[in-house]
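Asks: Fold the following for me, if possible:
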Amino acid sequence: MSADSSFRNLRYVIDNYVSDYLFIRLMGSMGGDVKFSESIENKILDFNSDNLFNLFIDSRKIFSFTEKFDVKGFSVEYLEEKPFGFLMPITYDKNPFDSILESCTHTNFRAVLDYHLLEITFKGRVRLEFDRWWYEPNFAFWNVSKI
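Replies: Reported below is the predicted structural model:
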């Protein structure tokens with residue numbers, strides 16, 4: 001996703017999908033310390049992005065970022081649940097309409113902000129639609145499909 005559409009897409013997904021897990025850690029080059037790693041199933045995830053990008057769980061502030069995305073904003077990873085509850089990435093060609101993704105059970109939104117890796121996992125497959133090319137033909141920006 002492009003940086004300019006990331007918060008709009010995240011708002012739609014939070015409002016329309018079930019949040020499952022939240023993970024925040026420093027980037028490896030900054031020490032890699034885990035700041036937050038917790039199941040958020042049956043909890044209310046929310047955010048605001050006025051001056052800072054603040055994450056809340058059940059109305060309690062969890063973390064603040066200065067809202068600085070790199071050029072690409074959130075990236076999306078599709079996962080499937082394996083035996084014993086493990087989530088494994090699904091390998092597919094760059095096309096988010098690939099039929100292999102029918103086995104998707106979770107979608108991971110990932111971004112780097114303020115030297116922190118942020119991952120928010122949602123239940124189900126968040127569907128995407130083409131936005132525009134970043135570097136054709138290998139890198140495209142996508143938006144969350146509201147269909």
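Asks: only C-alpha atoms for contact and neighbour calcs from this point on.
Replies: Fine.
Asks: Give me the neighbour count for Ser64.
Replies: Counted with other C-alpha atoms under 10 Å, the neighbours of Ser64 add up to 17.
Asks: what does whichever strand or helix holds Phe122 rub up against?
Replies: Per DSSP states H and E: Phe122 is located in strand 116-123. With C-alpha atoms under 8 Å, 6 or more residues apart in numbering as the test, strand 116-123 has contacts from 17-27, 105-112.
Asks: now do 6 Å
Replies: The contact list for strand 116-123, computed with C-alpha atoms under 6 Å, 6 or more residues apart in numbering, reads 18-27, 106-111.
Asks: Stretch 61-75 now?
Replies: Under C-alpha under 6 Å, 6+ apart, the answer for stretch 61-75 is 1-3, 6, 52-56, 109-111, 113.
Asks: thinking again about what came up before, for the record, mean pLDDT for the strand holding Phe122?
Replies: Averaging pLDDT along strand 116-123 gives 95.
Asks: other SSEs contacting the following helix or strand past it?
Replies: Where DSSP H and E defines the elements, the next helix or strand beyond strand 116-123 is strand 128-135. Packing partners of strand 128-135 (3 or more C-alpha pairs under 6 Å, 6 or more residues apart in numbering; DSSP states H and E): strand 139-144.
Asks: How far off centre is the strand it packs on?
Replies: Remark: strand 139-144 is offset 13 Å from the chain centroid, using C-alpha atoms, centre = their mean, to the nearest Å.
Asks: now for it, which elements pack on it?
Replies: So strand 139-144, by 3+ C-alpha pairs under 6 Å, 6+ apart, packs with strand 128-135.
Asks: Since that was my last question, I'll sign off now.
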